[in-house]
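Peer 1: can you look at this prediction? I've put the sequence above it.
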Amino acid sequence: MKIQAITGFKDILPSETPLWRYIENEAREIFHSFGFREIRLPLLEKTELFARSIGEATDIVEKEMYTFADKGQTLRPEATASLLRAFIEHGLHVRRPVQKLYTMGPMFRHERPQKGRLRQFHQMDVEVIGAVEPQVDAELMAMGGLLLERLGITASLEINSLGCPVCRPEYKSRLVAFLRERGERLCADCRRRTVTNPLRVLDCKKGSCKAELEGAPSILDTLCPGCRDHFSRVRRFLDLLGIGYRINTFMVRGLDYYTRTTFEFIADGLGAQSAVGAGGRYDGLIEQLGGPRLAGIGFALGIERLVLLMEDAQPDAAAGQGMDLFVAALGEEAVLLGTTLVHGLRRRRHAAAMDYSNRSLKAQMKLAAKLGARYVLIIGENELKEQRAILRNMASREQASLALDGDAEQLVTQLIAAVTG
């Protein structure tokens, strides 16, 4: 019996990786332009880290984590907690009061696989630590929007404020009173959450619960003066940057650590799970994890979801990542020369390939096309006798003659000039 990949775990095939690299490279370029630095994190963390940060009453901790119970270790379900653990452990705040960090990689959640959501999924995560100013919130949203724009993805921005420990208790009291009036008309999960984590009820996806939640109190009505002013200034700076947005008072996010600003990037084409990225502010979380009293804000974008959107809207976005040159060598002497030229091109940072099996020219030209070669250098017995090879432009089909009368290094220099000129 064939062994297949586990449900919810997907191979990313060679035909797909160019688009993944393209997305990751565009993201890195934009993140660096905003002053972010990359950090790479382990996949496995102590379970306590996620229980303390994400929240013990969340679906992620209760139902979705891959945990080795006997070891007290968990495959990371998200990146923020891991990044903050590393930030605290290595004292990164000592030299730089404000840290701007990003990471990319796989996360793990045991949930029902669906379009754009797998059990092993990939995220790019960005965090700003040590900045309390609302300008930073707006700038971070601007950066996410700029990346989506660069990738050609149309997405709307939704924002909300979840208040802070000062003003959130009053809102919870109002919300719980509202939910208890609806009692048995809510689903079993929402009835349980009414007691354990009432804000999560607002995020229920069941149609019957959504209908019951119409007219639920808005958290914006109970914000304290500090949170109200912060949210007002965030909106003001978004307006200044020309970034459109919609206030969604039902947006609570699935993680307990959020305070004040929360936001989501919503894109069409992903079905019910329409958020391509999301994040928010988590002032207080770093101290809760044993670090200094520092504010923080960040967001994550799902790479699988970006790939799905780009495959539908821009199937050629990652084009042009093939070979600079393919050497079609016919005969043993031609293979020897071709091998030298290909190696020389690679040493000079040019992508080059050849076929060593001495197949026909037609077969080698087909292989060159499959590899996305921009040029093909044809060397056969006649070319070696005349000391002139044929250089074919695969796009225009034009052919030129290339002298073979120099040493290998000179020939490589000629080839580079020809394929880059």
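Peer 2: Arrived safely.

Peer 1: contacts for the one helix or strand residue 102 maps to?
Peer 2: Taking DSSP states H and E as the criterion, the element that holds residue 102 is strand 99-108. Contact with strand 99-108 is made by 24, 27, 31, 34-41, 43, 65-66, 75-79, 82-83, 87, 92-93, 119-130, 303, as judged by CB atoms under 8 Å, 6 or more residues apart in numbering. (Each C-beta comes from the backbone N, C-alpha and C, glycine too.)

Peer 1: what pairs with that strand, and is each one parallel or antiparallel?
Peer 2: strand 37-38 (parallel), strand 120-129 (antiparallel) (DSSP bridges).

Peer 1: ok, back up a step: just the buried members of the contacts of strand 99-108?
Peer 2: 24, 27, 31, 34, 36, 39, 41, 65-66, 75-79, 82-83, 87, 92-93, 119-130, 303 (16 or more other CB atoms under 10 Å).

Peer 1: okay, and for the stretch 1-150 of the chain, where does confidence drop off?
Peer 2: For the stretch 1-150 of the chain, applying pLDDT under 70 flags the ranges 56-59, 116.

Peer 1: what is the burial count for the residue nearest to residue 371 when sequence neighbours are not counted?
Peer 2: Spatial nearest neighbour of residue 371, excluding adjacent residues (CB to CB, 6 or more residues apart in numbering): residue 323 at 5.0 Å. Each residue near residue 323 was counted by other CB atoms under 10 Å, and the total is 22.

Peer 1: beta-bridge partners for residue 402, please?
Peer 2: Bridge pairing for residue 402 - DSSP bridges - gives residue 389.

Peer 1: now do it, the pLDDT please.
Peer 2: On pLDDT, residue 402 comes in at 91.

Peer 1: can you list the domains in the chain?
Peer 2: 17-167+223-313, 325-414 (automatic domain parsing).

Peer 1: can you give me how far the first one is from the chain middle?
Peer 2: Looking back up the chat, that one is domain 17-167+223-313. Relative to its chain's centre, domain 17-167+223-313 lies at 10 Å (CA atoms, centre = their mean, to the nearest Å).

Peer 1: about what we covered before: ok, the residue nearest to residue 371 - contacts?
Peer 2: Contacts of residue 323 (CB under 8 Å, 6+ apart): 351-353, 368, 371-374.

Peer 1: would JSON lines of those residues with secondary structure be doable?
Peer 2: Supplementary listing: those in JSON lines, determined by DSSP: H, G, I helix; E, B strand; the rest coil:
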{"residue": "351", "secondary structure": "coil"}
{"residue": "352", "secondary structure": "strand"}
{"residue": "353", "secondary structure": "strand"}
{"residue": "368", "secondary structure": "helix"}
{"residue": "371", "secondary structure": "coil"}
{"residue": "372", "secondary structure": "coil"}
{"residue": "373", "secondary structure": "coil"}
{"residue": "374", "secondary structure": "coil"}
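
Peer 1: as a markdown table, the strands paired with strand 99-108 with distance to residue 70 would be great.
Peer 2: As requested, the strands paired with strand 99-108 are exported to a markdown table (distance: least, CB to CB, whole Å):
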| stretch | distance to residue 70 |
| --- | --- |
| strand 37-38 | 34 |
| strand 120-129 | 22 |
